[in-house]
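>>> Here is a sequence together with a model predicted from it:
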Amino acid sequence: MENLFDPLVFASGLEAPNRVVLAPMTNKTSHDDGTLSDDELHFLLTRADGGFGIVTTCASHVSKEGQGWEGELGCYDDAHLPGLRRVADGLRKRNAKSLLQIFHGGLRADEKASNLPRLAPSAIDGARAATEDDLARIVAAFARAAGRAKAAGFDGVEIHGAHGYLLTQFLSRVQNTRDDGYGGSLENRARLIREVVRAVRGEVGGSFTVGVRLSPEDFGNATGLDLDESVEVARLVSEMSDFVHLSLWRSALNTTKRPEEHALPLFRKAIPEHVKVLVAGTVWTPGEAQDLLALGADAVALGRSAIANPDWPRRAREPGWEPRRPPFTPDELVARGLSPKFAEYMRSWKGFVE
Ligand SMILES: Cc1cc2nc3c(=O)[nH]c(=O)nc-3n(C[C@H](O)[C@H](O)[C@H](O)COP(=O)(O)O)c2cc1C
């Protein structure tokens, strides 16, 4: 079995120094025009200093109407390039590999932040049903965003197909009630995400790392998903990807649909060997991370434990090390490289801030 500290080589040729990944984490500190702030850069670089082999940015919107919230990083305009370059350069200097997470909020976009009406698969909750022209524009926007990531010097992109945002909304049997080629059968509901992956791959070529994040089952804002359909979606997108990233939220638990089975072996079996499987969800200790590798993951992504322990990968090598756990005071979070605004935002994560 692989060890957390073994290098990880992707089909693209990218070699990460270890298998500990900083999960994408929104921190609402970008400037109003979507350009990078020093605060955001600092948070990411401190995690690279702490030894994370791969550092993923927060979700960044590929088009203005896809913006999910105020203070979100943008990748929809060349004006974002200088900031993206600073992230990619800083991470490279620290020996971490870099992924830009690219995103469209769809129904969950924030009209106040974007100043534009929301687009969704179907006309629900006040959003407009996207036309085929809208979809072609969105697919092209994902591709151009990936092109910007490459131009900025990132090692790859993670396409956000999880958590109930636009691409999940299309996969959803509840939110997608279209009767054209993008709705109905799973093949149709998966058309948009496949078009996005294909367009991204076409834009960046084979030596740039491309991955897709998926929610396997309903959780939180992801609704209308079915485990077996998600496995099939993973199989379909893996034809054009270097990795699939499973967002499980509670990775110690088995699936809801089949409580005797864990998601990892299921997905691992369906996805070709050369496509890597990343997993995230309530991983605190090195032992928990290692258990996920034993179940078939190739790398483990940390969210809240990486906020709490900026140097988790370095410390995890020490026998008997115990990570710090919440709650934290805002000052303790600032001492861990979060801006006061990010520390304040962490109050919305139950039990995290004192
Ligand atoms: C503050 C915060 C912001 C997040 N933002 C994103 C995001 O931008 N994109 C995403 O795919 N997931 C996001 N997530 C989910 C994490 O990537 C991760 O999957 C989740 O937190 C479970 O891992 P954890 O238990 O280690 O925190 C966020 C989580 C947190 C705590």
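Nice, thanks for sending it over.

>>> How about the secondary structure of the residue lying closest to Val300 once chain neighbours are set aside?
Among residues not flanking Val300 along the chain, Ala289 sits closest, at 4.2 Å (CB to CB, 6 or more residues apart in numbering). (C-beta placed from N, C-alpha, C; glycine too.) Under DSSP: H, G, I helix; E, B strand; the rest coil, Ala289 falls in the helix class.

>>> Tell me if I'm right that Ala289 and Thr282 touch.
No. With contact defined as CB atoms under 8 Å, Ala289 does not reach Thr282; the gap is 11.0 Å.

>>> give me the number of residues near the residue of the stretch 51-200 of the chain found nearest the ligand?
Scanning the stretch 51-200 of the chain for the residue nearest the ligand gives Ala59, at 3.4 Å (criterion: CB to the nearest ligand atom). Neighbour count for Ala59, taken as other CB atoms under 10 Å: 28.

>>> what does Ala123 give?
11.

>>> same question, Gly126
10.

>>> surely it meets Leu119?
No. Taking contacts as CB under 8 Å, Gly126 lies outside contact range of Leu119: 11.4 Å.

>>> now Gly181, nearest residue through space, not along the chain?
Closest to Gly181 by CB to CB, 6+ apart is Asn188, at 5.6 Å.

>>> go on, Asp218?
Leu225 (5.3 Å).

>>> what's near enough to touch that neighbour?
The contact partners of Leu225, taken as CB atoms under 8 Å, 6 or more residues apart in numbering, are 168, 171-173, 215-218.

>>> Now go through these and say which are in strands.
Among the contacts of Leu225, no member is found in strands (DSSP state E).

>>> Pull out the buried members of those.
168, 171-172, 215-218 (16 or more other CB atoms under 10 Å).

>>> which parts of the stretch 251-354 of the chain sit against the ligand?
280-283, 302-305, 349 (CB under 6 Å from any ligand atom).

>>> Only whichever of those residues are buried, select them in ChimeraX.
In ChimeraX, selecting the buried portion of these, with burial taken from 16+ other CB under 10 Å, looks like this:
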select :280,281,283,302,303,304,305
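
>>> give me phi/psi at the residue in the stretch 101-250 of the chain positioned nearest to the ligand?
In the stretch 101-250 of the chain, no residue comes nearer to the ligand than Ser247, which is 4.6 Å away by CB to the nearest ligand atom. Dihedral angles of Ser247 (phi, psi; degrees, to the nearest 10) stand at phi -100, psi 100.

>>> Next, count neighbours for the residue lying closest to it once chain neighbours are set aside.
Nearest residue to Ser247, sequence neighbours excluded (CB to CB, 6+ apart): Ala162, at 4.5 Å. If you count neighbours by other CB under 10 Å, Ala162 ends up with 29.

>>> where along this protein do the helices fall?
38-49, 81-93, 111-114, 132-152, 166-171, 186-189, 191-204, 227-238, 263-270, 286-294, 304-308, 312-315, 330-335, 340-345 (DSSP state H).

>>> closest to Val20 out of these?
helix 312-315 (4.3 Å; CB to CB).

>>> List the buried residues of the closest one.
312-313, 315.

>>> what pLDDT, on average, does it get?
The pLDDT scores in helix 312-315 average 98.

>>> Equivalent analysis for stretch 191-211, please.
98.
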